[in-house]
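Novice: Prediction below, plus the sequence it came from.
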Amino acid sequence: MDNTNTKYYYPYISPFDPCKPIVIKSYSTPPHLYMGFQPPNLPQFSTAREALFRGTLWPALYDTYPPEKAREE
Amino acid sequence: MWYYEKKLQYPVKVRECNPRLAKYLIEQYGGADGELSAALRYLNQRYTIPNKVVGLLNDIGTEEFAHLEMIATMVYKLTKDATPEQMKAAGLAADYANHDNALFYHNAAGSPWTATYIQAKGDPIADIYEDIAAEEKARATYQWIINLSDDPELNDSLKFLREREIVHSQRFREAAQILMDERDTKQYF
Amino acid sequence: MSTPKQVPQAYYDLLEQIQAIDFVLVELNLYLDTHPNDAESIQQFNQCSYESRKLKKQFEKQFGPLMHFGYSYSNYPWDWIDVPWPWQV
């Protein structure tokens, strides 16, 4: 489970682009993309209340949005 | 049949009267990748899908109606008691002229919901792959609405709904795997 | 005629407990739809189902029926139609 939940890329920037260029673009790659068939007995959030407010019972499927830290460069 | 339970799946809180946000949110009410499309798509596909995944389509389709009700609650609260002037300032004058503050199944650009948003191909793999794509598109829509919204309490509910798309996508991916499995399929040599 | 009475804080608190346990039930239900042989999860599902019923009984005693069509009992007069509805609170 070392996969990142956000990927980045650098679009081509033309000197004639009218809007201020976004140098780095990003998109979501949430954890379920890497899970395959969910294995049994995955750790669960400790209370029903926490599961509700996270939107899933399993931390392994939880994804934050917007991504926690935008990469700086 | 279905039973109604007098509760929302997740608490919906809205900080302020903000019809402009309602204008964006309606995308998930009557839009192509919205909750109405999702519920009707899955519940309709379940009749012609192999038995081992009928239950999943039935149950996710049912949960989608709970999400539809959450979106309706947000739209209702964001526009409740909004004056015609406030509706006009939010770009909802055309809506108001037709519906007053009533909800209607259309997308953020005002196009009415249509059955052409959904498909039932009768081919189990084609249908489940459409469902996976639908969940990812709904997840993306929630991201863009969260980006547009500055209401932290509303965003909390939207993040819940985005996470549900992830879990549903996970389950549909498992369903695709189940459909591909050789187990309990007659093998010919 | 007057504005209907607002529900007390206890309504929100108890409802949130029900929403939490019912959410775990939805998650386990979808999981079991694709993992029908996971005995431990079935046990957890049944345990949560029991707790949910207990909480709902308590809620209905204070705030009226949660379900229609015979799943909940009614007081006199018929209290299913009482406000607030979920989208109003």
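Specialist: Structure received. Computed from a predicted structure; not experimentally measured. Numbering: from 1, shown residues only, chains lettered A, B, ... in the order given.

Novice: In three-state terms, label residue B:134 for me.
Specialist: helix (DSSP: H, G, I helix; E, B strand; the rest coil).

Novice: Ok, residue B:158 next?
Specialist: On the basis of three-state DSSP, residue B:158 is classed as helix.

Novice: next one: residue B:108
Specialist: Three-state assignment for residue B:108 (three-state DSSP): coil.

Novice: count of neighbours near it?
Specialist: 21 (other C-beta atoms under 10 Å in any protein chain shown). C-betas here are computed from N, CA, C, even on glycine.

Novice: Now for it: which residues touch it?
Specialist: Residues counted as contacts of residue B:108 (C-beta atoms under 8 Å, 6 or more residues apart in numbering or on different chains) are B:23-27, B:31.

Novice: I'd like the distance between residue B:109 and residue B:78.
Specialist: 18 Å (C-beta to C-beta, to the nearest Å).

Novice: Turn the contacts of residue B:108 into JSON lines, columns for secondary structure and distance to residue C:54.
Specialist: Below are these laid out as JSON lines (DSSP: H, G, I helix; E, B strand; the rest coil; distance: C-beta to C-beta, whole Å):
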{"residue": "B:23", "secondary structure": "helix", "distance to residue C:54": "42"}
{"residue": "B:24", "secondary structure": "helix", "distance to residue C:54": "40"}
{"residue": "B:25", "secondary structure": "helix", "distance to residue C:54": "35"}
{"residue": "B:26", "secondary structure": "coil", "distance to residue C:54": "38"}
{"residue": "B:27", "secondary structure": "helix", "distance to residue C:54": "39"}
{"residue": "B:31", "secondary structure": "coil", "distance to residue C:54": "39"}
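
Novice: Got phi/psi on residue 31?
Specialist: No chain was given, so I picked chain A. phi -60, psi -30 (degrees, to the nearest 10).

Novice: repeat for the one 5 residues further on
Specialist: For residue A:36, the backbone dihedrals are phi 70, psi -160 (criterion: degrees, to the nearest 10).

Novice: Contacts only, for it.
Specialist: With C-beta under 8 Å, 6+ apart, residue A:36 has these contacts: residue B:177.

Novice: try 10 Å this time
Specialist: Contact partners of residue A:36, counting by C-beta atoms under 10 Å, 6 or more residues apart in numbering or on different chains, are B:170, B:173-174, B:177.

Novice: Which one of those sits in the busiest neighbourhood?
Specialist: The most crowded member of the contacts of residue A:36, judged by other C-beta under 10 Å, is residue B:170 (27 neighbours).

Novice: For chain C, see how far away that one is.
Specialist: 9 Å (C-beta to the nearest C-beta, to the nearest Å).

Novice: Tell me if I'm right that that residue and residue B:132 touch.
Specialist: Yes - here residue B:170 lies in contact with residue B:132, judged by C-beta atoms under 10 Å, at a distance of 9.4 Å.

Novice: what number of residues lie near residue B:68?
Specialist: 21.

Novice: Repeat that for the one 4 residues further on.
Specialist: Other residues lying near residue B:72 total 21 when counted by other C-beta under 10 Å.

Novice: Next: the one 10 residues further on.
Specialist: The tally of other residues near residue B:82 (other C-beta under 10 Å) stands at 19.

Novice: any idea how far it is from residue B:26?
Specialist: 14 Å.

Novice: Check the contact lists of the two and give me the overlap.
Specialist: The contact lists of residue B:82 and residue B:26 share residue B:92, where a contact means C-beta under 10 Å, 6+ apart.

Novice: Could you verify my assumption that residue C:78 touches residue C:65?
Specialist: Yes - using C-beta under 10 Å, residue C:78 is in contact with residue C:65, at 9.3 Å.

Novice: Grab the nearest non-local neighbour of residue B:58.
Specialist: Nearest residue to residue B:58 in three dimensions, chain neighbours excluded: residue B:46, at 5.3 Å (C-beta to C-beta, 6 or more residues apart in numbering or on different chains).

Novice: nope, residue B:162 is what I was after
Specialist: Nearest non-adjacent residue to residue B:162, counting by C-beta to C-beta, 6+ apart: residue B:142, 3.9 Å away.

Novice: Same question for residue B:50.
Specialist: residue B:124 (5.8 Å).

Novice: likewise residue B:147?
Specialist: Using C-beta to C-beta, 6+ apart, the nearest residue to residue B:147 is residue A:66, at 7.4 Å.
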